[in-house]
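S.K.: Structural data only, the sequence is not supplied:
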């Protein structure tokens, strides 16, 4: 997606350690128009891979929510996001999976209320980044535990050198990304 690649090239910043900062349009401040166009492209690519019936789009709070919401709209599905912390209103029972944050270096539990995900669901996982695959693996574990069917995974940006795609290959579902980032020293190279 040329628009996204140009945006990353113009506004993305390598802050060291393989971390890219795209907070001006993706995961702090959000560009609604670009987000909607990314979702339309993701949906088209997922449909080209044979994905049609979808009842839930699952993501982790917070950064994946904007694009996941737009993808859910493309499929007429409900958006469901895994919570990273428990509030006082969370009184039910939950599916829980552990994920290591690539950017924070912390471990968090991802939680989904059992009322909102079950064997009758066809699920797409959508997130902002595919790096190590840790968060996406945790989300796929939630889907598996619920008995739902994982249809595919879509991410805005992939960092291929971190081999997350390899970590997820056992899931045997389509995995699509809109842009790939490779670092060469302090330089950032973006491709489709």
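M.R.: Looks like it arrived, so ask away. Everything numeric in this text was worked out from a predicted model, so none of it was measured. Residues are numbered from 1 along each chain as shown.
S.K.: list the contacts for the residue most central in space within the chain?
M.R.: Closest residue to the average C-alpha location of the chain: residue 127 at 1.2 Å, with C-alpha atoms, centre = their mean. Residue 127 makes contact with 59-60, 63-64, 68, 135-136, 139, 153-156, according to C-beta atoms under 8 Å, 6 or more residues apart in numbering. For every residue, glycine as well, the C-beta is placed using N, CA and C.
S.K.: And the longest helix belonging to the chain, what's buried?
M.R.: Taking residue count as the measure and DSSP state H as the definition, the longest helix of the chain comes out as helix 32-48. By neighbour count, and taking 16 or more other C-beta atoms under 10 Å as the criterion, the buried residues in helix 32-48 are 34-39, 41-43, 45-46.
S.K.: what do you get for stretch 170-190?
M.R.: Along stretch 170-190, the positions that meet the burial threshold by neighbour count (16+ other C-beta under 10 Å) are 171, 173-181, 183, 190.
S.K.: The residues you listed in strands, which ones?
M.R.: Within those, membership in strands is found for 175-181, 183, 190, as judged by DSSP state E.
S.K.: sorry, back to before: if you average the pLDDT over the longest helix of the chain, what comes out?
M.R.: Here the mean pLDDT over helix 32-48 is 98, rounded to a whole number.
S.K.: Remind me what that helix packs against, helices and strands.
M.R.: Counting contacts by 3 or more C-beta pairs under 8 Å, 6 or more residues apart in numbering; DSSP states H and E, helix 32-48 packs against helix 2-11, helix 65-75, strand 149-158, strand 175-184.
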